[in-house]
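# quick one: sequence plus predicted model below, questions after.
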Amino acid sequence: MTRVIVHPGFHKTGTSSLQTYLTKHRAALCPYMAFYGKDDFLQAGAAARLYAQRPFRWRLWLFRRRLDRFLATIPDAPVVVLSRETFSGSMPGHRRMSGKLITRYHDVAVPLGHQINAALRARFGQDVQITYFYTLREREDWIRSVYGHLLRSIHLTCDFNAFRAQFPDLIDPATEAMRITQDLGIADVHCADLHDIGHRRAGPASALLDLIGVPAAVQDALPPAARANAGQDLELQNTFLALNRAGLSKAALKRRKEELRRLAD
């Protein structure tokens, strides 16, 4: 029986670090799992994000079609891991096509999850064991990280206090994960808080390696993880905010932000 572990995010909870680490060490870990991250199924991941921004039924169908196409290309394995944060939709703070602010995952993550589960059963059989694994973060720390990401990635011009005020009923990521998986009918759910795992040798990937049962000796033989897609300090955030307010062209703004990110790195 195949076990598929779905890691659908959330955004800004160490997902990029986890994906980068497991992709880099895929060969060493292949006796224990077949890992597929966002670069392995770009079309399905992009379709999930677009559905979140424009939640039309035909976009959900397109996501399923692209996911089916990807799953058909991968070989059988006892344990398969699929990691892509857009499986939960778009990062809160973005807006739907209607202009409505995205403040939570649930409404989009559930229909996406139903399609993911159906696609897995179609590919691996009705007896496939489906596990959901979430990386999490304390909600105030999480929303601050979301804000920092949006400052550098979109034309966000409000300060943090104004941004935070748009989320009067801010989700708790742990509660959101439980609500989503309950509505999906998934009983095998595992969560790991970034505060508890971020310092470990493999970083956020450590909790997933433990879940799969990768021996400690194998984990210790791998190089330590480096942070990926790390947030900015307050000074750089203020610089990005000033740039977003400066009236630069889209191209000039993007170029200047990329220069500052390179310098910070």
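The structure has been received and is ready for your questions. Numbers count the residues shown, from 1 in each chain.
# test my guess that residue 248 contacts residue 242.
No. Using CB atoms under 8 Å as the test, residue 248 is too far from residue 242 to be in contact (10.5 Å). Glycine gets a C-beta too; all of them are placed from N, C-alpha and C.
# which one of these two is surrounded by more residues?
residue 248 (15 against 10; other CB atoms under 10 Å).
# in the stretch 151-265 of the chain, where is pLDDT below threshold?
For the stretch 151-265 of the chain, the stretches with pLDDT under 70 are 228-230.
# helices along that one, start to end?
Ranges of helices in the stretch 151-265 of the chain, per DSSP state H, counting those that start in this stretch, are 160-165, 173-184, 194-197, 205-212, 216-221, 234-244, 250-264.
# looking at these, which is nearest to residue 19?
With CB to CB as the measure, helix 205-212 is the member of those nearest residue 19 (8.5 Å).
# so which elements touch the closest one?
Secondary-structure packing of helix 205-212 (3 or more CB pairs under 8 Å, 6 or more residues apart in numbering; DSSP states H and E): strand 3-7, helix 15-24, strand 79-83, strand 129-136, strand 189-193.
# let me know the next secondary structure element after the third one.
It refers to strand 79-83. Where DSSP states H and E defines the elements, the next helix or strand beyond strand 79-83 is helix 106-124.
# most packed of the helices of the stretch 151-265 of the chain?
Comparing the helices of the stretch 151-265 of the chain by mean neighbour count (mean count of other CB atoms under 10 Å), helix 205-212 ranks first with a mean of 22.
# now the helices of the stretch 151-265 of the chain in JSON lines, with distance to residue 71?
Below are the helices of the stretch 151-265 of the chain laid out as JSON lines (distance: least, CB to CB, whole Å):
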{"stretch": "helix 160-165", "distance to residue 71": "38"}
{"stretch": "helix 173-184", "distance to residue 71": "18"}
{"stretch": "helix 194-197", "distance to residue 71": "28"}
{"stretch": "helix 205-212", "distance to residue 71": "19"}
{"stretch": "helix 216-221", "distance to residue 71": "27"}
{"stretch": "helix 234-244", "distance to residue 71": "38"}
{"stretch": "helix 250-264", "distance to residue 71": "34"}
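# those: which one's closest to residue 58?
Evaluated with CB to CB, the helices of the stretch 151-265 of the chain place helix 173-184 nearest to residue 58, the distance being 21.8 Å.
# the closest one versus strand 129-136: what angle between them?
Per axes from the mean of the first three to the mean of the last three CA atoms, to 10 degrees, the angle that helix 173-184 makes with strand 129-136 is 160 degrees.
# what are the contacting residues of helix 173-184?
10, 13, 88, 104-106, 109-110, 113-114, 117, 132, 134, 136-137, 139, 142, 189, 191, 193 (CB atoms under 8 Å, 6 or more residues apart in numbering).
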